[in-house]
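[1] A structural model of the following input is requested.
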Amino acid sequence: MHPLTDHLLATTRRHFFGQTATGIGVAALTSLLNTSSAQGTPIGTGSELAQFPNFAPKAKRVIYLFQSGAPSQLDLFDYKPKLTNLRETELPDSIRQGQRLTGMTSKQSSFPVAPSKFRFAQRGASAAWVSDLLPYTAEIADQLCFVKSLHTEAINHDPAITFFQTGSQIAGRPSMGSWLSYGLGSANKNLPSFVAMVSGSGGQPLYDRLWGSGFLPTRYAGVKFRSVGDPVLFLSNPQGLDTNLRRRFLDDLAKLNEQKLAESGDPEITTRIAQYEMAYKMQTSVPELTDISDEPPHTFDLYGEDAKKPGTFAFNCLLARRLCERDVRFVQLFHRGWDQHAQLPEKIGIQCQDTDRASAALIKDLQQRGLLEDTLVIWGGEFGRTVYCQGRLTADDYGRDHHPRCFTIWLAGAGIKAGTSYGETDDYSYNITQDPVHVHDLNATILHCLGIHHKQLTFKFQGRHHRLTDVHGKLIDPILA
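    Below you'll find the model as predicted:
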């Protein structure tokens, strides 16, 4: 277009927003600062307004324990006793079926079968198979639903994790927590509706976009809690600035932002105003949340001594329970280090030691407080691991490559049928033989537990109505309570 025409159009837009910004701004800010009721907040889907939840939810909130790096289903949950007699034999072509390999094993001349070296046993009344690596998880087997037939499209970590969080392998889409904040609003005036925490060392990098809002307004992005210094950046007042002065500063800043809003009509300004207000409220709410000195001794008997150390998975699990008590809508814990291409028996033992007790403690803690009945908990990684050994197979050591064709996760709590296992894989834990579950199916089912029809939670961006499940997804009805 001609530069003069562009200028006139821009001026016209500014004039329109300038004349109407007061009404738009007040409505947007009121909506932003107001907490939604259990019935939800009206959200635009297409050209109409939809009310969320669409139906009575079983779950009010979600705690997602994401195990970054891909835990080996073969060594934790998917028991394959016939592999013992197949040790060191070549993976048959009839099983591999020409599957795409990563660059880490594509040049291998041999693909020897590596049975798990860990003992399995059936646990609880549900008789679920759980490895000795997870003794605490074994204790709560009857509270869990194991989905053993999950499959995904990505074979490398970053696109696979992005796919789980956003429904797309390509960065830029809203994360699940952001979709829920957008659809259901917040149930707490003084804390974010979506909190993310990271633990573990090494492993794949985790980017802020994994808890970002993508093309949704930025007010729906997750807030990352840190383990060093202030849990949230800029929580403390700068030196020489007391609480009263900060309050006056924010009031004056809000007036300036409102003037800018009247001039430009930019809806992100309402987000900015609200974020300053939330930061002010969090100066009180976050220190109270993260101060675990009021927890009784039996809490640490349950979670372990690591729960006293900020930055550990156990500490984050305890914080997740405390956030749950304060009705934070979506809490996501990322734990790194499950990417075991070599020395798997040693390294997976360390990961299980770091996560097993706390994961089980969280379920027990929620249950004894009456919170599990309306909280959905999910545990799992971005894909599984191969039955064949990456690198050299020895009597005591092996590694496993990425495997997107089948892997196991577990769910517990609101809306989920406890004490069940769903889906089956072949004798090599390589292909699904019964009840396949795609990532989109899992996400559709999570939304269903929260009272949301996954096809109705949409946002129009660049001319298209997007949703978490893209154009896919079906409910996993047999696992629903």
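[2] next helix or strand past the helix or strand where T386 lies?
    Per DSSP states H and E: T386 is located in strand 384-389. Counting by DSSP H and E, the next helix or strand C-terminal to strand 384-389 is strand 400-403.
[3] What values do phi and psi take at F163?
    Per-residue torsions, F163: phi -60, psi -40 (degrees, to the nearest 10).
[4] give me every residue that touches the closest residue to Q434 other than its chain neighbours.
    Among residues not flanking Q434 along the chain, E424 sits closest, at 4.1 Å (C-beta to C-beta, 6 or more residues apart in numbering). Glycine gets a C-beta too; all of them are placed from N, C-alpha and C. Contacts for E424 (C-beta atoms under 8 Å, 6 or more residues apart in numbering) come out as K148, S149, I432, T433, Q434, D435.
[5] do A361 as well
    Contacts of A361 by C-beta under 8 Å, 6+ apart are Y136, L302, Y303, G304, A307, A314, C317.
[6] follow-up on the earlier one: from the contacts of E424, which two are the most distant?
    K148 and T433 (10.2 Å; C-beta to C-beta).
[7] who touches both of these two?
    Shared contacts of K148 and T433, defined by C-beta under 8 Å, 6+ apart, are found at E424, T425.
[8] between those two, which one's more packed in?
    Between K148 and T433, counted using other C-beta atoms under 10 Å, K148 has the larger neighbour count: 26 against 12.
[9] That one belongs to a strand, doesn't it?
    Yes - counting by DSSP: H, G, I helix; E, B strand; the rest coil, K148 falls inside a strand.
[10] Do I have it right that it meets G423?
    Yes - in this structure, K148 is within contact of G423 by C-beta atoms under 8 Å, at 4.5 Å.
[11] follow-up on the earlier one: what's the separation between the residue nearest to Q434 and Q275?
    Using C-beta to C-beta, to the nearest Å, we find E424 at a distance of 47 Å from Q275.
[12] Low-confidence bits of the protein, can you list those?
    Scanning the chain for pLDDT under 70 picks out the ranges 1-50, 234, 274, 276-277, 280.
[13] still on that earlier bit, give me phi/psi at the residue nearest to Q434?
    phi -140, psi 150.
[14] Over to V223?
    The phi/psi pair for V223 (degrees, to the nearest 10) reads phi -100, psi 120.
[15] Tell me how many other residues crowd S110.
    S110: 11 surrounding residues under other C-beta under 10 Å.
[16] quick one: contacts for it?
    Counted by C-beta under 8 Å, 6+ apart, S110 has contacts E90.
[17] do that again at 10 Å, thanks
    Under the criterion of C-beta atoms under 10 Å, 6 or more residues apart in numbering, the neighbours of S110 are E88, E90, L91, Y388, C389, R392, L393.
[18] got it, and Q143?
    So Q143 contacts 124, 126, 137, 360, 363-364, 366-367, 372, 377, 410, 412-413, 416, 418-419 (C-beta under 10 Å, 6+ apart).
[19] Show me which residues of stretch 233-249 are buried.
    L235, R246 (16 or more other C-beta atoms under 10 Å).
[20] Regarding that stretch, how distant is the last residue from the first?
    Stretch 233-249 has an end-to-end distance of 18 Å (C-alpha to C-alpha, to the nearest Å).
[21] Show residues contacting that stretch.
    Contacts for stretch 233-249 (C-beta under 10 Å, 6+ apart): 223-224, 226, 229-230, 276, 279-280, 282-284, 286-287, 290.
[22] out of those, what pair is the most spread apart?
    Maximum pairwise distance among the contacts of stretch 233-249 (C-beta to C-beta): 21.0 Å, between Y276 and T290.
[23] Where does G214 sit, in terms of helix or strand?
    Per DSSP H and E, there is no helix or strand for G214.
[24] my read: it touches G177, true?
    No - the criterion here is C-beta atoms under 10 Å, and G214 misses it with G177 at 11.3 Å.
[25] Same drill for these two, tell me which one is more crowded.
    Between G214 and G177, counting by other C-beta under 10 Å, G177 is the more crowded of the two (29 against 21).
[26] where does the more buried one fall, helix, sheet strand or coil?
    helix.
[27] Using PDB, write out the CA atom coordinates for the helix or strand hosting A121.
    Under the criterion of DSSP H and E, A121 resides in strand 120-123. Provided in PDB are the C-alpha atoms of strand 120-123 (Å, rounded to 0.1, in the frame of the first residue of the first chain):
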ATOM      1  CA  PHE A 120       8.900 -55.800  38.200                       C
ATOM      2  CA  ALA A 121       6.000 -56.900  40.400                       C
ATOM      3  CA  GLN A 122       2.200 -56.400  40.400                       C
ATOM      4  CA  ARG A 123       1.200 -53.800  42.900                       C
END
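[28] List the buried residues in the very next helix or strand once past that strand.
    Using DSSP H and E, the helix or strand that follows strand 120-123 in sequence is strand 128-131. By 16+ other C-beta under 10 Å, the buried positions in strand 128-131 come out as A128, W129, V130, S131.
[29] ditto for stretch 68-86
    So, applying 16+ other C-beta under 10 Å, buried residues of stretch 68-86: 68-80, 83, 86.
[30] dump the residue contacts of the residue lying closest to V439 once chain neighbours are set aside.
    Spatially, and ignoring its direct neighbours in sequence, V439 is nearest to T152 (5.1 Å; C-beta to C-beta, 6+ apart). Residues near T152 by C-beta under 10 Å, 6+ apart: 70, 159-160, 163-164, 169, 382-384, 403-407, 438-440, 442.
[31] repeat for L475
    D441, A444, T445, L447, H448, C449, H453, H454.
[32] again, but for H472
    G167, H438, V439, H440, D441, N443, A444, H454 are the contacts of H472 under C-beta under 10 Å, 6+ apart.
[33] do that again at 7 Å, thanks
    Residues in contact with H472 (C-beta atoms under 7 Å, 6 or more residues apart in numbering) are H438, H440.
[34] And the helices in the protein, which stretches?
    For the chain, the helices defined by DSSP state H occupy 3-33, 73-76, 93-96, 135-139, 157-166, 176-184, 243-264, 268-290, 297-303, 313-325, 344-368, 439-449.
[35] can you redo these as TSV with distance to S116?
    Below are those laid out as TSV (distance: least, C-beta to C-beta, whole Å):
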stretch	distance to S116
helix 3-33	50
helix 73-76	5
helix 93-96	17
helix 135-139	15
helix 157-166	22
helix 176-184	31
helix 243-264	56
helix 268-290	38
helix 297-303	28
helix 313-325	23
helix 344-368	9
helix 439-449	25
